[in-house]
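*Asks:* Next come a sequence and a model predicted from it.
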Amino acid sequence: MSDATSQSAVANEKGYSKKNPFPSTLKQRRLLNKVGSTKEVQHLEMCLAGSGLEYRPGDSLAIFPTNSDRQVDDVIEAGGLDTGALVESTRGASVPLGQALKHELDISGLTKSVLKKYNHFARSDKIDSLLAPENAAGLKGYLWGREVIDLLVDYPVPGLASDDFCGTLRKLSPRLYSIASSPLAHPGEMHLTIAVLRYHSHGRDREGVCSTYAAKRVEVGETMPVFLHHDKHFKLPADGSTPIIMVGPGTGIAPFRAFVEERAATGARGKSWLFFGDRNRDTDYLYGEEFERHIAEGKLTRIDLAFSRDQDDKVYVQHRMLEHAAELYAWLSDGAIFYVCGDASRMAGDVHEALITIAEREGGQSRESAEAWLKQLQDDRRYLRDVY
Ligand SMILES: Cc1cc2nc3c(=O)[nH]c(=O)nc-3n(C[C@H](O)[C@H](O)[C@H](O)COP(=O)(O)OP(=O)(O)OC[C@H]3O[C@@H](n4cnc5c(N)ncnc54)[C@H](O)[C@@H]3O)c2cc1C
């Protein structure tokens with residue numbers, strides 16, 4: 001994620017804020033992947049009319065999700081809990097357990113603190129040993145790929161009171177999504193690019209709370225509670241003639257669709273270069289038709305694509321950067337701003353490393369001076385990351 005201090009949730013003159021989220025209507029949703037893809041990424045169009053909310057490309061939208069009925073039912077069953085029992089809501093009122101679990105509490109994310117609180121009732125030696133300071137690796141291993149339901153199944157507490165159980169859980173938190181549209185190109189709307197998270201671990205099919213809520217469970221015409229998150233630094237340069245380089249594989253493409261649309265709408269003359277990557281070109285070239293049109297119309301100067309599964313050797317965006325190292329270094333030397341968005345776990349580090357290699361190779365710099373050069377780019381806010 002980009003520098004936390006550069007991000008802020010904002011309230012507007014109509015009073016919509018994190019505390020008072022705007023009910024944004026889902027106007028449209030379409031699958032971005034083609035038939036045969038191994039992925040599911042949905043494009044969402046949300047209505048902002050009447051909200052007074054104003055965003056700029058580079059900002060994110062936070063969505064307050066609800067848990068699915070299936071997840072709630074599974075947890076209630078696994079814990080032998082009484083769905084109608086009244087529990088204290090996070091707002092202080094009494095609400096039925098089912099409602100608190102659906103709307104207010106995080107019933108998936110398992111953390112050390114949840115384990116600790118739960119063990120107050122479970123009194124399990126095994127949980128004690130997982131929590132022992134010298135057993136950090138054991139704890140990490142247990143938490144990985146497990147959710148609250150696993151705790152209920154692995155360490156049952158007969159007669160667990162609903163209120164006690166709720167007291168062990170964290171509040172359900174909003175999730176952020178990079179805005180994928182320019183307000184100039186789509187007045188009164190905001191677009192998102194959401195990858196539906198599904199995985200299988202420890203014998204269970206699992207799903208992400210918010211990605212399945214926004215991209216699957218909310219119907220077109222229904223509303224979602226949202227608020228805006230401005231990013232002070234991850235934005236287009238004020239001077240439209242400044243060249244920009246954008247690296248956004250997967251859902252990392254979202255803010256760059258907004259950047260390209262914005263520059264097209266303002267008639268910015270600066271050069272722009274996009275690196276995009278995913279699994280297969282035929283099925284996963286997100287917004288491919290749009291980018292090809294922008295290229296044809298000269299609104300995007302160049303695009304380099306890396307589809308990892310289209311050939312035997314895996315090719316990623318950092319490989320394309322290295323293939324075009326001389327030109328990329330020339331753009332940077334000419335004052336281009338370099339943006340990265342998407343996966344923090346591997347991609348962002350690989351791209352960072354590629355930049356160092358490019359400075360060594362093309363700038364004749366030592367590793368040490370290449371690192372210092374990159375640090376200077378960061379300090380000058382010409383190397384900006386929005387990674388998650
Ligand atoms: C600034 C910012 C911008 C973002 N922009 C976008 C965007 O444009 N598009 C987008 O799709 N997302 C974006 N995200 C990510 C998004 O906020 C959510 O994190 C994502 O949608 C998953 O949320 P969820 O509620 O569906 O999953 P959760 O219910 O939060 O589940 C996620 C958790 O599941 C576990 N998990 C996931 N995969 C596995 C696995 N294979 N094996 C075991 N455990 C696993 C991990 O513990 C992970 O933390 C952004 C995040 C940030 C911070």
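*Replies:* Ah, there it is.
*Asks:* domains for the protein, by residue range?
*Replies:* Annotated domains of the chain cover 4-63+175-231, 69-171, 244-387 [automatic domain parsing].
*Asks:* To the ligand, which of those domains lies closest?
*Replies:* Of all those, domain 4-63+175-231 sits nearest to the ligand, with 2.1 Å by C-beta to the nearest ligand atom. Backbone N, C-alpha and C define where each C-beta goes, glycine included.
*Asks:* Next, see if the closest one gets close to the ligand.
*Replies:* Yes: using C-beta under 6 Å from any ligand atom, domain 4-63+175-231 reaches the ligand at 60, 175-178, 193-195, 197, 199, 201, 208-211.
*Asks:* Identify those among these that sit within strands.
*Replies:* Mapping those onto strands (DSSP state E) picks out 60, 175-178, 193-195, 199, 201.
*Asks:* farthest pair in those residues?
*Replies:* With C-beta to C-beta as the measure, no two of those lie farther apart than Ser60 and Ser201, at 27.5 Å.
*Asks:* who's more crowded, those two?
*Replies:* Per other C-beta atoms under 10 Å, whichever of Ser60 and Ser201 has more neighbours is Ser60, with 26 against 12.
*Asks:* Now do the contacts for that one.
*Replies:* Going by C-beta atoms under 8 Å, 6 or more residues apart in numbering, Ser60 touches 7, 176-179, 228-229, 231, 386.
*Asks:* Could you find the lowest-pLDDT member of these?
*Replies:* Sorting those by pLDDT puts Gln7 at the bottom of the list (58).
*Asks:* report the longest helix in the chain, please.
*Replies:* helix 347-363 (DSSP state H).
*Asks:* Counting by contacts, list what that one packs against.
*Replies:* helix 317-323, helix 325-333, strand 337-342, helix 367-379, strand 383-387 (3 or more C-beta pairs under 8 Å, 6 or more residues apart in numbering; DSSP states H and E).
*Asks:* and if we set it to 6 Å?
*Replies:* helix 317-323, helix 325-333, helix 367-379 (3 or more C-beta pairs under 6 Å, 6 or more residues apart in numbering; DSSP states H and E).
*Asks:* does the ligand sit close to it?
*Replies:* No: Helix 347-363 is not in contact with the ligand by C-beta under 6 Å from any ligand atom; minimum separation 12.2 Å.
*Asks:* Can you mark which positions in that helix are buried?
*Replies:* Residues 347-348, 351-352, 354-355, 358-360, 362 are the ones in helix 347-363 that count as buried (16 or more other C-beta atoms under 10 Å).
*Asks:* Could you do stretch 98-112 as well?
*Replies:* By 16+ other C-beta under 10 Å, the buried positions in stretch 98-112 come out as 98-108, 110.
*Asks:* show me which of those residues neighbour the ligand.
*Replies:* Ser108.
*Asks:* Report the two of the buried residues of stretch 98-112 separated the most.
*Replies:* Gln99 and Leu110 (22.0 Å).
*Asks:* Could you single out the most deeply buried of the helices and strands packed on helix 347-363?
*Replies:* Among these, ranked by average contacts under mean count of other C-beta atoms under 10 Å, first place goes to helix 317-323 (a mean of 20).
*Asks:* Centroid-nearest residue for the chain?
*Replies:* With distances taken as C-alpha atoms, centre = their mean, Tyr177 lies nearest the centre of the chain, 5.2 Å away.
*Asks:* Let me see the contact set for that one.
*Replies:* With contact set as C-beta atoms under 6 Å, 6 or more residues apart in numbering, Tyr177 has these partners: 61, 192.
*Asks:* One more: Thr223?
*Replies:* Thr223 is in contact with 23, 25, counting by C-beta under 6 Å, 6+ apart.
*Asks:* now Val220
*Replies:* Leu26.
*Asks:* Now it. Its backbone dihedrals?
*Replies:* Dihedral pair for Val220: phi -60, psi 130, per degrees, to the nearest 10.
*Asks:* which residue sits closest to Lys117 in space, ignoring its chain neighbours?
*Replies:* Of all residues not flanking Lys117 in the chain, Thr168 sits nearest, at 3.9 Å (C-beta to C-beta, 6 or more residues apart in numbering).
*Asks:* hang on, I meant Pro237
*Replies:* That would be Ile337: by C-beta to C-beta, 6+ apart, it lies 5.8 Å from Pro237.
*Asks:* I figured the one you found hits Arg382, correct?
*Replies:* Yes: shown here, Ile337 and Arg382 form a contact pair, counting by C-beta atoms under 6 Å, at 4.9 Å.
*Asks:* Quick one: closest of the helices and strands packed on helix 347-363 to Pro21.
*Replies:* helix 367-379 (32.8 Å).
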